[in-house]
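Visitor: Below are the sequence and a predicted model; questions follow.
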Amino acid sequence: MGNVRWHLMMSLDGFAAGPGHSMDWMSGTKVSPATHQDAISTLGAVLGGRRGYDALAQRFPGKASRQPYGGEWTGPVFVLTHHPEDAIPDAGITFLDCDLTEAVEIGLAAAKGKDLEIHSQDIARQCLELGLIDEFHVHLAPVMLGSGVRMFDSPGTAPVRWARVHDGDPALAVDLRYRPVR
């Protein structure tokens, strides 16, 4: 069975989306081709949230099958919502109205042994609280947004510790060094 992975691009100040769930701030930011292809080759299904879906549907009206990775990947995409009846229809999207654990089970079954990728910060936070996240992939973009959707917003919870993959010492901090673009 595949993993449940939380995969996202994050700004230096900790936002996964701009105000109104905007994603245009990612334009021009690059991920290595090998990393990009690895994510696509191991991806079996996507589970997202309604607010992000609605923002995307409003930005691209009438565009069917709003697939991740710029259309380089196609497969089952699920949107978890309490109100599927008023969602903007899309032939490439299945709307789910169930509890989160069931939605993850549905996504993993549809992934057919590959990974289920979480495309919602709120759903990822809930999956994390339920112990459902197997891996976390984050690409740090060289931009500060100042506001938007925080990557992880869970006031009052204990710190969540992660072990790094592929880098030796799992507790070693990642050092970043940037200068402003003038």
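Guide: Nice, thanks for sending it over.
Visitor: Give me the longest helix you can find in this protein.
Guide: Criterion DSSP state H: the longest helix present in the chain is helix 100-111.
Visitor: got the CA positions of the helix or strand just after it in PDB?
Guide: Using DSSP states H and E, the helix or strand that follows helix 100-111 towards the C-terminus is strand 115-119. Below are the C-alpha coordinates for strand 115-119, written out as PDB (Å, rounded to 0.1, in the frame of the first residue of the first chain):
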ATOM      1  CA  ASP A 115       0.900   7.400  -2.700                       C
ATOM      2  CA  LEU A 116      -2.100   9.500  -1.700                       C
ATOM      3  CA  GLU A 117      -1.100  13.100  -1.700                       C
ATOM      4  CA  ILE A 118      -2.800  15.600   0.600                       C
ATOM      5  CA  HIS A 119      -3.500  19.000  -1.000                       C
END
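Visitor: start the count at 24, not 1, going forward
Guide: Yep, numbering from 24; the last one is strand 138-142 now.
Visitor: what does strand 138-142 rub up against?
Guide: Contact with strand 138-142 is made by 25-31, 62, 65-72, 75, 91, 127, 130-131, 133, 147, 150, 156, 158, as judged by C-beta atoms under 8 Å, 6 or more residues apart in numbering. All C-beta atoms are positioned from the backbone trio N, CA, C, and that covers glycine.
Visitor: Would you report which members of the residues you listed are assigned to helices?
Guide: Short answer: the contacts of strand 138-142 in helices (DSSP H) are 62, 65, 75, 127, 130-131, 133, 147, 150.
Visitor: My guess is residue 146 contacts residue 71. True?
Guide: Yes: applying C-beta atoms under 8 Å as the test, residue 146 and residue 71 come out as touching, 7.3 Å apart.
Visitor: what do those two both touch?
Guide: Joint contacts of residue 146 and residue 71 (C-beta under 8 Å, 6+ apart) are residue 103.
Visitor: so where's this structure shaky on pLDDT?
Guide: 83, 85-89, 189-191, 193-194, 203 (pLDDT under 70).
Visitor: Just grab the bridge partners of the most centrally placed residue in it for me.
Guide: What sits nearest the mean C-alpha location of the chain, by C-alpha atoms, centre = their mean, is residue 142, with 2.8 Å. Per DSSP bridges, the residues bridged to residue 142 are residue 71.
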